[in-house]
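> Next come a sequence and a model predicted from it.
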Amino acid sequence: MNLNQIIDKKNNKEKLTTKEIEYFVNGFSKDEISKLDATKFIKAVYENGLDEKETIDLTRAMAYSGKIIDLSDVGECVDKHSTGGVSDTTTLIIVPVLASLGVKVAKMSGRSLGWTGGTADKVEVFDGYDNYISEKEFKQNLRQIDECLISQSEEIAIADKKIYKLRDETGYVDNIALIASSIMSKKIACGAKILCLDVKYGNGAFMKDFESALQLAKLMCKIGKSFDIKTSAVISNMNEPLSKYIGNNLEVYSALKVLNGEENNLSTLSKNIVATILKSIHKVESLEEGISLATNSIKSKSALEKFKQLILSQHGSIYKVENYEVLAKCQNTLPIYATSKGYISKINARELGNAVHDLCKLYDEKDDKNQCGLVLNKQKNEYVKLGELIATIHYSSDKDLSKIVEKINSCFTITKEKGEDFELIKEIIF
Ligand code: URA
């Protein structure tokens with residue numbers, strides 16, 4: 001087989017065969033294909049797309065380029081995945097709620113990517129927490145406490161790691177077939193047979209509008225089903241940050257507030273994802289029934305207990321679970337004031353995520369980075385007076401924050417009229 005011919009075929013908008021796609025994926029993961037040639041292949045795919053069969057072929061080849069975890073000896077396990085957002089901490093709520101309802105959750109999470117946060121980084125806020133426990137311990141925890149939350153090991157979907165890095169470097173990122181195959185290859189390799197996808201749309205998401213998010217969700221559901229994974233999707237709005245807290249410590253704080261009973265957009269989305277999963281496995285007949293089970297699990301503090309068990313089972317300290325107010329404290333704060341009066345008609349989620357990312361980059365130590373963040377003191381469509389506090393930067397030791405302050409200020413649009421109403425969940429598909 002010849003890679004140049006395969007690339008020419010795609011550039012001529014012809015369909016690639018299973019063997020041709022495998023030839024590229026296997027060759028590139030074994031370093032038998034150069035970065036330059038791989039870029040040409042990815043560019044051809046990015047510009048000309050892949051049909052459903054080609055996307056499934058690409059997904060399979062990437063999934064099988066690394067280790068495949070077999071969870072059949074543990075029992076029916078659930079996984080969830082968010083396509084990435086700002087202040088999106090639903091995993092820390094969904095995992096213990098489901099476990100408290102007797103559903104096994106084998107959750108493998110990623111690190112922060114660009115402006116989006118990563119659950120693997122957030123759980124490390126708990127001293128001693130081990131994201132890399134062995135497969136044996138992982139399965140043992142699933143059997144004993146119904147939950148486990150680890151970071152994807154280096155051995156999972158090796159080809160995706162290489163291709164993702166290349167896409168990131170070359171800018172060939174926002175292509176639906178490439179995104180769907182990238183996400184699903186990792187989920188297939190992780191072994192759970194029930195999957196709920198939280199597909200985000202809007203300014204803080206990869207998919208900018210609802211229609212493309214729906215298309216991505218449908219494609220990933222089809223891929224999942226073709227690998228015998230019961231896949232559902234919740235399509236949710238990421239035009240605004242999901243909660244008023246951005247940054248590792250602050251986002252864990254916001255999840256713990258929900259586990260202690262606070263109701264807000266974060267709790268609503270988390271409960272809806274739980275309900276979608278419960279409905280997909282026929283534990284409930286309706287989403288309403290699922291939401292009410294999730295609400296009761298939180299109210300009775302069963303989910304909070306499960307959260308403590310999760311942290312302890314992965315060798316973390318629960319001091320910050322029991323004293324979660326400490327997570328909202330930091331060495332230094334800096335207020336941001338409204339530069340005009342009116343309604344906050346828009347909050348730019350993506351740029352706020354980028355600003356917190358820039359802030360973290362000023363520090364080397366994990367504890368300093370974890371302290372970095374932003375509290376939104378005003379919500380979308382709230383009225384503010386000139387000079388009123390709209391946000392508070394949290395940071396560690398003193399640094400020049402002028403550029404970050406400027407960026408954060410530009411994220412708030414203040415107008416005479418209110419902005420559009422915020423619709424959190426647009427559609428749920430099974
Ligand atoms: N997340 C992934 O894992 N892959 C993508 O391509 C986009 C988001």
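Received it, and whenever you're ready, just let me know what you need. Residues are numbered from 1 along each chain as shown.
> For the stretch 201-350 of the chain, which residue gets nearest to the ligand?
Phe206 (5.6 Å; CB to the nearest ligand atom). Every residue, glycine included, has its C-beta placed from N, CA and C.
> Surely that residue and Asp174 touch.
Yes. Between Phe206 and Asp174 a contact is recorded at 6.1 Å, counting by CB atoms under 8 Å.
> higher neighbour count, these two?
Legend: neighbour count by other CB atoms under 10 Å for Phe206 and Asp174, higher for Phe206 (22 against 13).
> Torsion angles phi and psi at the more buried one?
phi -70, psi -40 (degrees, to the nearest 10).
> State the number of residues packed around the residue in the stretch 151-300 of the chain that the ligand sits nearest to.
The ligand sits closest to Ser182 of the stretch 151-300 of the chain, with a gap of 3.5 Å, by CB to the nearest ligand atom. By other CB under 10 Å, 21 other residues sit near Ser182.
> Might you calculate how far whatever helix or strand it lives in sits from the centre of the chain?
Assigned by DSSP states H and E, Ser182 belongs to helix 176-190. How far helix 176-190 lies from its chain's middle: 13 Å, per CA atoms, centre = their mean, to the nearest Å.
> In CSV, list the C-alpha atoms belonging to the helix or strand just after that helix.
Downstream of helix 176-190, the first helix or strand assigned by DSSP H and E is strand 194-201. This file holds the C-alpha atoms of strand 194-201, laid out as CSV (Å, rounded to 0.1, in the frame of the first residue of the first chain):
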residue,chain,number,x,y,z
ILE,A,194,-22.9,2.1,28.9
LEU,A,195,-21.9,5.6,27.9
CYS,A,196,-23.5,9.0,28.3
LEU,A,197,-22.0,11.9,26.3
ASP,A,198,-22.4,15.5,27.4
VAL,A,199,-22.0,17.2,24.1
LYS,A,200,-21.6,21.0,24.5
TYR,A,201,-22.3,23.7,22.1
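> tell me the angle strand 194-201 makes with helix 176-190.
150 degrees (axes from the mean of the first three to the mean of the last three CA atoms, to 10 degrees).
> Report the mean confidence score over the very next helix or strand once past strand 194-201.
Using DSSP H and E, the helix or strand that follows strand 194-201 towards the C-terminus is helix 210-226. For helix 210-226, the mean pLDDT works out to 97.
> Mind listing residues that contact helix 210-226?
Contact partners of helix 210-226, identified using CB atoms under 8 Å, 6 or more residues apart in numbering, comprise 52, 55-56, 59, 83, 176-177, 179-181, 183-184, 187, 195, 197, 199-201, 205, 207, 230-233, 235, 426-427, 429-430.
> Which among the residues you listed count as buried?
The neighbour-count test (16 or more other CB atoms under 10 Å) applied to these identifies 55-56, 59, 83, 176-177, 179-181, 183-184, 187, 195, 197, 199-201, 205, 207, 230-233, 235, 429 as buried.
> still on that earlier bit, give the other helices and strands that the helix holding Ser182 contacts.
Applying 3 or more CB pairs under 8 Å, 6 or more residues apart in numbering; DSSP states H and E, one finds that helix 176-190 contacts helix 35-48, helix 52-63, strand 77-82, strand 104-109, helix 158-170, helix 210-226.
> Of all the ones you listed, which one comes closest to Gly353?
strand 77-82 (13.3 Å; CB to CB).
> And the next helix or strand past that closest one?
Following strand 77-82 in sequence, per DSSP H and E, is helix 91-100.
> No further questions, thank you.
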